[in-house]
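[1] requesting a structural model of the entry that follows:
(chains A and B)
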Amino acid sequence: MSIIIPPDLLAKIHAHGEQAFPDEGAGFLFGSGDEDRQVSAVYELPNAREDEARHNRYLITPQDYLKGELEAERLGLDVIGVFHSHPNSPNHASEYDRDWAQPFFSYVITSVYDAKAVESRCWRLSEDRSQFLEENIA
Amino acid sequence: MTTIRIPTPLRAYTGGQIEVSVAGPTVAEAITELTTRHPSIKPHILQEDGELRPFVNLFKGEENIKDLQGLKTAIAEGDKLLLIPSIAGG
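    Below you'll find the predicted structure:
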């Protein structure tokens, strides 16, 4: 179980997390594959949570979800996951992340300390929803 | 017939189908037909009490059924239902 994220796209994910700091930034991963995946584009989205919660929560509206899915289709790709940042926090998936996680999606989490992206890790929900399994970023 | 658009993360449970055609005068019956034909999708969209899971949105056209009559919302020939997951985390 691995996910290939080309360096320029990982750089875009990190830049989005830095721009959103001290709030969480989020967006979609467009690509293809199943067990092993390839990210071909990233799609940055606004964090729709209210101001006071954006430092540790993110939300993508249903309207933005649909817009993203249609844009992926237009590019001949699928939405294969979500990326978001953890400002001044480790890049582990939280219980809250697991509660809200969708099956199938890859969840890339970037730790951003003092407006500087440090590292990304990727997680996928187990089929029984009991845990996140780490996906190797290649 | 009404079509239900299936979001990417749930397409594995509909054999890869992006849209599923269903009948039924209400959203509830349309969802029942979907989950009868594709049982493995059920736990991902419905709670044990038959209500939609909190992180699943169902739109009839551009309107969330929560703002209509919920699962009792009537549907007509040609209506399009959109299953849209809530994407959130922390």
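[2] and for residue A:8, the neighbour number?
    Residue A:8 has 8 neighbours, counted by other CB atoms under 10 Å in any protein chain shown. In short, each C-beta sits where N, CA and C put it, glycine included.
[3] repeat for residue A:80
    Around residue A:80 there are 23 residues (other CB under 10 Å).
[4] same deal with the one 4 residues further on?
    For residue A:84, the count of nearby residues is 27 (other CB under 10 Å).
[5] list the contacts of the nearest residue to it once chain neighbours are set aside.
    Leaving aside its chain neighbours, residue A:84 sits nearest to residue A:26 (4.0 Å; criterion: CB to CB, 6 or more residues apart in numbering or on different chains). By CB atoms under 8 Å, 6 or more residues apart in numbering or on different chains, the contact set of residue A:26 is A:20, A:45, A:47, A:58, A:60, A:82-85, B:87, B:89.
[6] where in chain B is the helix or strand with the lowest mean pLDDT?
    Every helix and strand of chain B was ranked by mean pLDDT, DSSP states H and E. The lowest is helix B:42-45, at a mean of 90.
[7] same deal with chain A?
    Within chain A, no helix or strand scores below helix A:95-100, which has a mean of 89 by mean pLDDT, DSSP H and E.
[8] hmm, the lengthiest helix in chain B in reach of chain A?
    For chain B, the helix reaching the highest residue count under DSSP state H is reported as helix B:27-37. No: Helix B:27-37 is not in contact with chain A by CB under 8 Å from any CB of the partner chain; minimum separation 15.4 Å.
[9] next one, pLDDT for residue 85 please.
    As the question left the chain open, I've gone with chain A. If you check residue A:85, the pLDDT there is 97.
[10] try chain B instead
    Per-residue pLDDT puts residue B:85 at 92.
[11] swap in residue A:22?
    The per-residue pLDDT reported for residue A:22 equals 97.
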